[in-house]
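Trainee: generate coordinates for the sequence data below:
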Amino acid sequence: MIMLDHKFSKQGTTFTSYSNAYALYIGLKELGVELSVAREDSNEPEFPIPINNFNEDGKWLFFTEEASLAKALRGEISGEFYPKKFPENLLDDKWALSVWLTGRPELTSGLQQLSLAEKNLTTFPCLLKSKQSWQKDKKTPRGWVCESLAELDKYLEIAKADGFLEDSFFIQEWLGNSCCRVISVCGFHDHENSERNLFAVVERIAAHSSGLSCSAAVETIDDNWDLIEKTVAILNALKFTGPYELEFIVTKDRVCVLELNPRFWMQHAIFLKTGNGVLKRYLGIESLADRNLKILKNVAWFDSLHLLKSLLSWNFDFYKLFRAKRRSGKYFVLLWPSIPMAIYVWIRLLWSKRKKVFQKLGVIFKAKWNHAT
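Mentor: Coordinates of the predicted model:
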């Protein structure tokens, strides 16, 4: 175990208990840092990460979502963290990022987009997308493919009925499913010292569901589109230092930016079994030997929670893909989290849903009882 010599080194705080936060917990434990999650509510964490009351003194801060990062950038949360600077208007705002890129023709652009006020100018099919991934504490829809103006209005009404704000949605060009590849460049970037940069170019090979969805499995691939160069240019323009994932959509003729996550993204555990390089750079403790690893290769990441869910649904496609990658001998295949932990989390989530159902039934029963009496 590496022992750190820094005033913030012994303790760390994160603000969620998702899978990427659990990867932080495990990776930091190997480096001698005790990570706990600050909870502002009474909900039990999804993963078993110790809970704290968030004493701000002497802590590293680790972000897996943008809301708490925004507070830290505004000075509402203190501690040691990266990125120390980032335009708040670009945090978790796909519309704003694309506009920012459009104003910098030397950088790779995003997809074409229109505001809802311009919906009569739309070429169909198109995407109806939310600017942010979250509104307050509620996850926004990934988006809808719309074949007509009537269908766009229908999905917009569905979003509004679910409590989402209309002006937080926009229209984006749709390139189709069959010809598009979702490829990300991720790792750690230091705009002042490129020797510290660490990259992985990964492609989505499975999604959690059909249509617009998050990645359930990714694998490292060769950079045949100069995506690393494009990423470095964008991050340097932002004067960015920290962990990140920059997502591209690649077709036969085009490369477009989809979104930037300036934080620890979902699959960052892909680096844990290959030197823990992202976390070492974040803490500033990487060695010269660590810096020799510039680009991660021949690694695949699989979501074990999705694997269990698919098996329980008698869908074996995801398992077959996982087995094929392992048998190929070309990859170090990381199943994250471990199967025992995935089973534990599933049981915990199912129990939590069961409690909520009984609580809701209890409220209904109490209301009817009071009405009857």
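Trainee: where does pLDDT dip in the stretch 51-200 of the chain?
Mentor: Scanning the stretch 51-200 of the chain with the threshold set as pLDDT under 70 gives 53-58, 178.
Trainee: at 90 instead, please
Mentor: Flagging of the stretch 51-200 of the chain using pLDDT under 90 yields the residue ranges 51-59, 78, 133-142, 175-180.
Trainee: in stretch 201-211, what's buried?
Mentor: Neighbour counts using 16 or more other C-beta atoms under 10 Å place 201-208 of stretch 201-211 among the buried residues. The way it works is simple: take the backbone N, C-alpha and C, and place the C-beta from them, glycine included.
Trainee: which parts of this structure are helices?
Mentor: 19-30, 66-73, 94-102, 149-161, 227-237, 277-283, 288-291, 304-312, 317-328, 339-372 (DSSP state H).
Trainee: and stretch 95-115, what's buried?
Mentor: Those would be 95-98, 100-101, 107-108, 110-111, 113-114, for stretch 95-115 by 16+ other C-beta under 10 Å.
Trainee: residues contacting that stretch, please?
Mentor: Stretch 95-115 is contacted from outside by 87, 89-90, 94, 121-122, 131, 170-173, 175, 230, 233-234, 237, 248-249, 255-260, using C-beta atoms under 8 Å, 6 or more residues apart in numbering.
Trainee: can you pull the domain assignment for the protein?
Mentor: By the record's domain assignment, the chain is partitioned as 11-81, 112-173, 181-337, 343-373 (automatic domain parsing).
Trainee: coming back round to it: could you turn the buried ones of the contacts of stretch 95-115 into a PyMOL selection?
Mentor: Of the contacts of stretch 95-115, the buried ones go into a single PyMOL selection, burial set by 16+ other C-beta under 10 Å:
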select buried, resi 90+94+122+131+170+171+172+175+230+234+248+249+255+256+257+258+259+260
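Trainee: among the contacts of stretch 95-115, which are located in strands?
Mentor: Members of the contacts of stretch 95-115 lying in strands (criterion: DSSP state E): 170-173, 248-249, 255-260.
Trainee: now these in CSV, with distance to S78?
Mentor: Listed next are the ones in strands among the contacts of stretch 95-115 as CSV, based on distance: C-beta to C-beta, whole Å:
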residue, distance to S78
F170, 34
I171, 40
Q172, 37
E173, 42
F248, 35
I249, 37
V255, 39
C256, 37
V257, 32
L258, 32
E259, 28
L260, 25
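Trainee: going by distance to L24, which of those wins?
Mentor: L260 (19.5 Å; C-beta to C-beta).
Trainee: chain neighbours aside, what residue packs nearest to that closest one?
Mentor: Closest residue to L260 apart from its sequence neighbours, by C-beta to C-beta, 6 or more residues apart in numbering: L246 at 5.1 Å.
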